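Q: Build me a model from this:
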Amino acid sequence: MSQTERAPYAETSATSRGRRFPEDASRTRTAFARDRDRIIHCTAFRRLKEKTQVFVAHEGDHYRTRLTHSLEVAQIARSLAHALRLDEDLAETVALAHDLGHPPFGHAGEDELQARMAEWGGFDHNVQTFRVVTKLEERYPRYDGLNLSWETVEGVVKHNGPVAHRLDEPAWRAIADYAQGWDLRLDSFASLEAQAAAIADDIAYNNHDVDDGVQAGLFTLDDLRDVPLIGPILRQTRQDWPDVDQRMIRLEAVRRMIGVMIEDVLAETERRLAQDAIRSAEDVRAARRTLVAFSDGMLADLGVLRAFLFERMYRHYRVNRTRSQARRVLGEMFQLFMADPSVLPPEWSAKATTDDPHKRARAVCDYIAGMTDRYAIEEHRKLFSLDLALDL
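A: Numbering: from 1, shown residues only. Just a heads-up that it's a prediction; the model follows:
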């Protein structure tokens, strides 16, 4: 899409605020496309292939992982950006980056690290994503992190809205300290592109969790019959395709639900843009509310769907067993590494071997947060299993 075709409130790479460490422009890519490529090539992105979405990565080949989830979010974000005449590369880039800081075992892993880090500066996966792209990735000789464009970093930090009110939380000190040297305008909203990435996350997980939950046998399509949004879509799909099997009904219904949710977002966003007289990217940041949003009716329906998924999927006893095991695995490793950092790999042992317990805890947390599910399980086995001698 050419610059002249973009909406007046879209971001443009030509007017980007640049990178913290200035670099020559690429001959082959815009600044935002270059950011996207840096994310795709980084180690943290590759690790998403074996990090839990709901099911532990090894439980089945067809369930979503953090990687496939991120790809689905990026596709939806790009579609929203295209329809709204925004910068598609920036929306896709923020979407691809949004889960880089998630620890192994999904929200169970995050809950455990939050508990373990409560007295050592806290843990938040959004802040961890920020730390990955600004510090923890070590791929360039001139600087730590990926040296992404200002708009991409802003989107990573603020895609869910202003964060200035959170800076007193210990986990958010990393962002507050960073922003002192590079003003990210933490009291304002992020770009429409970042907002598109945020709502694409909601669209993706609500739909693929329905798909994965049915595939896993946690509930059936019939159980969804009276659930708003998906129930009517299932009934219409069966009327339209009475002779196809349940698998195809499920796939078609989920596809339609994604479309319905996208259309709702586009209509509500266009209404808010007109109502709030948004004319520029600066108007977006100064707005009083999120502009890329669901309608009130859709939010109500999604609330019922989420309640169903929480009861029937996220707290299903099979998932609870995995959550319990995951928390034990990470908790026991955290406790051991804090007590004896010499058992860490050399590069992490060097960071954790310090008299400052806060620095030690942060190094241990960074190491654990970067693990895949499979690596965490294997590390725990090597550290705590009696057959350790066989693995040396």
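Q: Please report the distance of the residue lying closest to Thr269 once chain neighbours are set aside from Asp201.
A: Excluding its sequence neighbours, the residue lying closest to Thr269 (Cβ to Cβ, 6 or more residues apart in numbering) is Val292, at 4.9 Å. Heads up, the C-betas are built off the backbone N, CA and C, glycines and all. As judged by Cβ to Cβ, to the nearest Å, Val292 and Asp201 stand 12 Å apart.
Q: Tell me which of those two has more neighbours.
A: A direct count of neighbours by other Cβ atoms under 10 Å for Val292 and Asp201 places Val292 higher, at 29 against 23.
Q: Output the contacting helices and strands for the biggest helix by length in the chain.
A: When the chain is parsed with DSSP state H, its longest helix is helix 246-275. In terms of contacts (3 or more Cβ pairs under 8 Å, 6 or more residues apart in numbering; DSSP states H and E), helix 246-275 is packed against helix 66-84, helix 192-215, helix 230-240, helix 296-309.
Q: Deepest in the core, which of those is it.
A: helix 192-215 (a mean of 24; mean count of other Cβ atoms under 10 Å).
Q: so that helix versus helix 246-275, what angle?
A: If you take axes from the mean of the first three to the mean of the last three Cα atoms, to 10 degrees, helix 192-215 sits at 160 degrees to helix 246-275.
Q: Need the mean per-residue confidence for stretch 294-302.
A: Here stretch 294-302 scores 98 as its mean pLDDT.
Q: I meant stretch 94-110, not that one.
A: If you average the pLDDT over stretch 94-110, you get 95.
Q: Surely Ala267 touches Ser295?
A: Yes: counting by Cβ atoms under 8 Å, Ala267 touches Ser295, with 7.0 Å between them.
Q: To what extent is Ala286 buried, counted in neighbours?
A: The local packing of Ala286 (other Cβ under 10 Å) involves 13 other residues.
Q: what sits against Val73?
A: Residues near Val73 by Cβ atoms under 8 Å, 6 or more residues apart in numbering: Ala95, Leu96, His98, Ala197, Ala200, Asp201, Ala204.
Q: any chance of the residues you listed in CSV, with distance to Ile233 too?
A: Compiled in CSV, the contacts of Val73 are given as follows (distance: Cβ to Cβ, whole Å):
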residue, distance to Ile233
Ala95, 24
Leu96, 28
His98, 27
Ala197, 25
Ala200, 19
Asp201, 21
Ala204, 17
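Q: biggest separation within the residues you listed, which pair?
A: Spanning the widest gap among these are Leu96 and Ala204, at 12.3 Å by Cβ to Cβ.
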